[in-house]
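Student: For reference, the sequence and a predicted model appear below.
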Amino acid sequence: MSRCATSPVYAHAQVAGGVSTWLLWSVFFSNVIGLRSENIHGNFDLRRLNHPKVPFALQPLQWGSVSPRGWIEEWARQASKGAGSPTKAVFAQIKVNNESVDGWRNGRPTVGGFWDEDSAYWIDGMTRLSLVLKDATLLDRVKRDVEFVVHNPDNFHNTWQGDVVEGWVRSIYSRALLAYYDGTGAQESLDLLITAFKNYTAADSTETSDETRQGSRSMTQMEALLEAHAYGGPSTLVDTALALMSPLAKNGGYEFMESLLSDECQRLDPTAVTAGQCEQHAHGVTYNEVAKLFAMGYSWSGNLSHLKASVAAFDLVDKFDTQPHGVNSADEDMNGIAPNTRTETCDVSDMIYSNSWMLRATGNGKYGDRMERAFINAAPGAVNRTFLGHVYFQSPNLSPADLVGLPSSTSAKFQEQWWHAPPCCTGNQVRMLPNFIHHMWFGTPDGGLAATMYGPNVVNTTVGVGGQRARVLVTVNTTYPFSTNISMTITVGTPATRVGKTPRDPADESEAGNIRFPLLLRVPAWCTKDTSMRVSIRTPGGSAVPVAWSRDAALPSFARIVRVWTSGDVVEISFDMELKSAVQKTVSNGWDPQAGNTWQDRLLGGGHVTVVPDLPFCTVSYGPLAFALPLETTRPAPLPFNFAVDCNASTMVIDTHASAMASPWDWPLNAPVTVRVRAIPFAWNSTWVLPTHALSTSNATGPAQWLTLIPYGNAKEFHVSMFPLWKP
C-alpha cells in the first residue's frame, strides 16, 4: 500500500510542471523501445490519422466513449431538458431589433455583436452533451444546425480579416464541427473545416482590440487547424497554426508567450504579477483560452518553451486568481482572490475545457484536480436546480444585503435568470458538463487507461498495443465526492456502443476474455501524508485483495497497476478524505479598476470592485468539496450571515450520509455531506467586506453556536464560503 505523500520523483515533476518527466519518457517510447506513433495514438480514436511530433502524454478517446452514470448522468439529463432542450432553446426566443438571433441556422445576425458567440457555444455544448448521453433526439437537433452550416458555408468562412468577433466565433463553432465529426463520422463537417482553413494565414488572426496585449481570441483557431489536420487534413494546417504564435501574426500571442517565459513569471513572482508583467490583468475567458494554445502547439512544434509558457500561465492563475470554488475570478478581467470578486459563468466552462488540454499535453494530474474542483463547486454554483436559470456572476460570498445599492444592471448579473445580457453565459453554461465527463478517462501511450477524474461513469474503448488489443468496458459505481469509495468493474471483449459510424477496429472482433494493460488512477492533490488512497482488486468469485500500487514513472501523479485483467475483475478504491480548514489571505493581482476598462465599463456600468489584499479568511474543504453557509432566500426567513468561525478542523464535525442522496440529483439544500463549525455572531453588514484581523470572543454580539455548512454547489447563489476568523 502506498501513502499519498509526495515522492521525490513526483516533487520534481511538480516543480517542472510535469514537463521534463514526460518529455524524457516520450523520447524513450519513440526511440528506445520503438513504439511507433500510429501505435501510440491509434488505439483510442481511429479517426485520428495524423499525429503530433511529441505524443500527447495522455491520449484522447473518441467522443461517445465515456458516458455519465449516477448523479452526474441525472444532472446532465436535467441540463439537456433545461438549457439544452431543443424546445427551450433560448436563442430562438431572443429578438434584437425584431430580428431573430437563432444564430447560425438563420444566417449571420449583426456582425460585431455577441449573438453568434452564444449560439456557437450552445451548439458546441449540445453536440458534446448529445454524444456523452447518447441522446438521439438532442443529436438530431445538432445535426439540423450543422447541416445548415455545411450547406451554407458562407455563414462560416466568408470574412477573415478585420473582423474582431468573427474569428473567435468561428473557433467555437469549429469545436462543434470537430466533436460532431469525431462522434458521428459525418465527413462533410470535417470537409467544411479543411476547406475553410485551406487558405488561412497568420495575418488573418490580427485584431485591434482591448484584448490584444494578452493575445487575441482569434488565435484560438489554432485548435481547429491542428485538429483538422489530426483528423486527416493537410500538413499546411499545422504550419499555419504554429505561425499564429510567431511575431508575424501580430495578434499579441507572441508577446504574451514571451512574458510568460520571463524569469519573474516562471517563478510566479508576486511583484511581477501586480506590475502586470505576467498579463494577469486580462479578460478571464481570453486568458484561459489563449494560455492553453502554447501547450497545444508544443505537441506539434516540439518546442519546450511553448509548453513552459502554458504551464506558467495556469500556475499563475491558480496562485493569484483562483477562488475557493475552483475557478479564477473574472469580472470580467481576472481580479485576484477576495469575497467580492466575481467569476463569470463563461469562465467556469472555459477553465474546465482549457485544463483538459493541459492534462492531455502534460499528463500532470494537477489539471485533473483543478477540473474536478471546478466541476464539483463552481459549475453547480453557476446554475439553478432545474438548469433553466443561471447567474452571470458568482462570488465566494453573497447575501441579498450585498446587492443593495448596486446598479440594477449589476445586481441582476448575480441572480438566477434564464437569460443574461450579453447572453454568452446562456449559451456557454452547458459546455462544462460534457467537457468534464468526456475527459474523466484518457488512454496511455502504452495502451492502457487513465482515470483522470472521479465520479460515476462508464468508458468503452480499446486497450493494448499492436496485435494484443481488445475492447474493454469499465463501469464506475460511486457517489464520489459525497462518499470515499469507488468501484470499477472491468468487462473484456464488449461491443462498441458509440454514436454514429465507427471505423472498423479488429479489437471489436476479439473474443478474448482477458488482456494485459496498465490502469492508471489519479492520486488527488488533496491526498496528504496523513491520508491514504487504498486500492484492492476483487476477482470473480473471490474476495478483495489489497494492491501495493506505485506511482507511474512517466506520469507520477498517477498510481499504476499492470496485470492481466479478466471480465468481472473489480477495482476498489477507498480514500481517507480529510476535513481541512485553511487560514488564507485575500490576494490582489494588481489590476486597478479605477483606471477604467472597456469590458468593465461597457458591461457593468462601473460595478467592478477593488480588492483589498491581505485580509484573513477561513475556508473549509473535504476532498474536492468546498463548503459554504447557505443563505438561500427561498427559506421563510433567510439565514443570517454575520458569523466568524473557529478555523480549526479538529473542532469541526463532518457528517456524511451519501446513501440518502436525492434522485434525480439537483444539488439540494438537504446535502449528503455537511460540516458543523463553531462560530460567534458579530456586527457584519456585508459579506463582501472582511474584517482586517481575527476576532476575539469579546467581539461577539451573542453566544457561540454551531453552524451547519453544506457543499458550495448545494448552496447556490446566496452563501458564505470565505469566513471571518474567530480565535476563541
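Tutor: All right, it came through fine. Residues are numbered from 1 along each chain as shown.

Student: Can you tell me which helices and strands the lengthiest helix in the chain packs against?
Tutor: Of all the elements of type helix in the chain, the one with the most residues (DSSP state H) is helix 164-184. Packed against helix 164-184, as judged by 3 or more CB pairs under 8 Å, 6 or more residues apart in numbering; DSSP states H and E, are the following elements: helix 115-133, helix 136-151, helix 154-157, helix 187-197, helix 221-230. Using the backbone N, CA and C atoms, a C-beta is placed for each residue, glycine as well.

Student: repeat that with 10 Å
Tutor: Taking 3 or more CB pairs under 10 Å, 6 or more residues apart in numbering; DSSP states H and E as contact, the helices and strands that helix 164-184 lies on are helix 115-133, helix 136-151, helix 154-157, helix 187-197, helix 221-230, helix 284-301, helix 432-438.

Student: Low-confidence ranges, the stretch 101-250 of the chain, go.
Tutor: Within the stretch 101-250 of the chain, the stretches falling below the threshold (pLDDT under 70) are 101-116, 155, 157-166, 203-215, 248-250.

Student: what about 50?
Tutor: 101-115, 158-165, 208-213 (pLDDT under 50).

Student: Could you check how many residues crowd around the closest residue in space to Leu639 that isn't next to it in sequence?
Tutor: For Leu639, ignoring the flanking residues on the chain, the nearest one in space by CB to CB, 6 or more residues apart in numbering is Leu631 at 5.4 Å. Applying other CB atoms under 10 Å, we find 22 residues neighbouring Leu631.

Student: just checking, Leu631 touches Leu707?
Tutor: No. Counting by CB atoms under 10 Å, Leu631 does not reach Leu707; the two are 11.5 Å apart.

Student: shared neighbours of these two, anything?
Tutor: Shared contacts of Leu631 and Leu707, defined by CB atoms under 10 Å, 6 or more residues apart in numbering, comprise 639-640, 720.

Student: what about Tyr353, distance to Thr345?
Tutor: In this structure, Tyr353 and Thr345 are separated by 13 Å, where distance is defined by CB to CB, to the nearest Å.

Student: So for this structure, the centremost residue is which one?
Tutor: With distances taken as CA atoms, centre = their mean, Ile352 lies nearest the centre of the chain, 1.1 Å away.

Student: pull the CA atoms of the helix or strand where it lies into CSV?
Tutor: Remark: Ile352 resides in helix 345-362, with elements defined by DSSP states H and E. Once non-C-alpha atoms are left out, helix 345-362 reads as follows in CSV (Å, rounded to 0.1, in the frame of the first residue of the first chain):
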residue,chain,number,x,y,z
THR,A,345,-20.1,31.6,-15.8
CYS,A,346,-18.3,31.5,-19.1
ASP,A,347,-15.0,31.2,-17.2
VAL,A,348,-16.3,28.0,-15.5
SER,A,349,-16.8,26.3,-18.9
ASP,A,350,-13.6,27.7,-20.4
MET,A,351,-11.4,26.9,-17.4
ILE,A,352,-12.6,23.2,-17.4
TYR,A,353,-12.1,23.0,-21.2
SER,A,354,-8.6,24.6,-21.2
ASN,A,355,-7.4,22.4,-18.4
SER,A,356,-8.4,19.3,-20.3
TRP,A,357,-5.9,20.3,-23.0
MET,A,358,-3.2,20.9,-20.3
LEU,A,359,-4.0,17.4,-18.9
ARG,A,360,-3.6,16.0,-22.4
ALA,A,361,-0.3,17.7,-23.2
THR,A,362,1.4,17.2,-19.8
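
Student: Between helix 345-362 and the helix or strand that that helix is followed by, find me the angle.
Tutor: Beyond helix 345-362 in the direction of the C-terminus, DSSP H and E gives the next helix or strand as helix 366-373. Angular relation of helix 366-373 and helix 345-362 on a 0 to 180 degree scale: 150 degrees, by axes from the mean of the first three to the mean of the last three CA atoms, to 10 degrees.

Student: Let's see the distance spanning stretch 428-439 from one end to the other.
Tutor: For stretch 428-439, the first and last residues are 18 Å from each other (CA to CA, to the nearest Å).

Student: which one's the longest strand in the protein?
Tutor: Longest among the strand segments of the chain by residue count, using DSSP state E, is strand 468-478.

Student: That one pairs with which strands?
Tutor: Paired strands of strand 468-478, with direction, are strand 457-465 (antiparallel), strand 485-492 (antiparallel) (DSSP bridges).

Student: Could you measure from the residue nearest to Leu639 over to Ala382?
Tutor: For Leu631, the distance to Ala382 - CB to CB - is 17 Å.

Student: what do you get for Trp75?
Tutor: Looking at Trp75 against Ala382, where the rule is CB to CB, the gap reads 12 Å.

Student: which secondary structure elements does the host helix or strand of Thr271 contact?
Tutor: Secondary-structure assignment from DSSP H and E places Thr271 in helix 270-274. Identification of packing neighbours for helix 270-274 by 3+ CB pairs under 10 Å, 6+ apart yields helix 263-266, helix 304-320.

Student: Columns distance to Trp684, mean pLDDT and mean neighbour count on top of the ones you listed, output as CSV?
Tutor: Putting those into CSV (distance: least, CB to CB, whole Å; pLDDT from 0 to 100; neighbours: other CB atoms under 10 Å) gives the following:
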stretch, distance to Trp684, mean pLDDT, mean neighbour count
helix 263-266, 37, 94, 16
helix 304-320, 26, 96, 22
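
Student: rewinding a little: compare Tyr353 and Thr345 and say which is more crowded by neighbours.
Tutor: A side-by-side neighbour count of Tyr353 and Thr345, using other CB under 10 Å, places Thr345 first with 27 against 23.

Student: Tell me who's in contact with that one.
Tutor: Neighbouring residues of Thr345 by CB under 10 Å, 6+ apart: 327, 330, 378-379, 381-383, 390-394, 413, 420, 424-426, 428-429, 432.

Student: Find the nearest non-adjacent residue to it, please.
Tutor: The shortest distance from Thr345 to any residue that is not its chain neighbour, by CB to CB, 6+ apart, is 3.8 Å, and that residue is Cys425.

Student: Just give the number of residues close to the residue nearest to Leu725 when sequence neighbours are not counted.
Tutor: By the measure of CB to CB, 6+ apart, the closest residue to Leu725 outside its immediate chain neighbours is Ala694, 3.7 Å from it. Ala694 is flanked by 16 other residues according to other CB under 10 Å.

Student: what about Ala694, distance to Pro616?
Tutor: 6 Å.

Student: which residues are in contact with both of those two?
Tutor: Residues touching both Ala694 and Pro616 (CB under 10 Å, 6+ apart) are 583, 647, 724-725.

Student: Separate out the buried members of these.
Tutor: For these, burial is judged from neighbour counts taken by 16 or more other CB atoms under 10 Å, and it is met by 647, 724-725.

Student: tell me which of these is nearest to Ser409?
Tutor: Of all these, Pro724 has the smallest distance to Ser409: 29.7 Å, by CB to CB.
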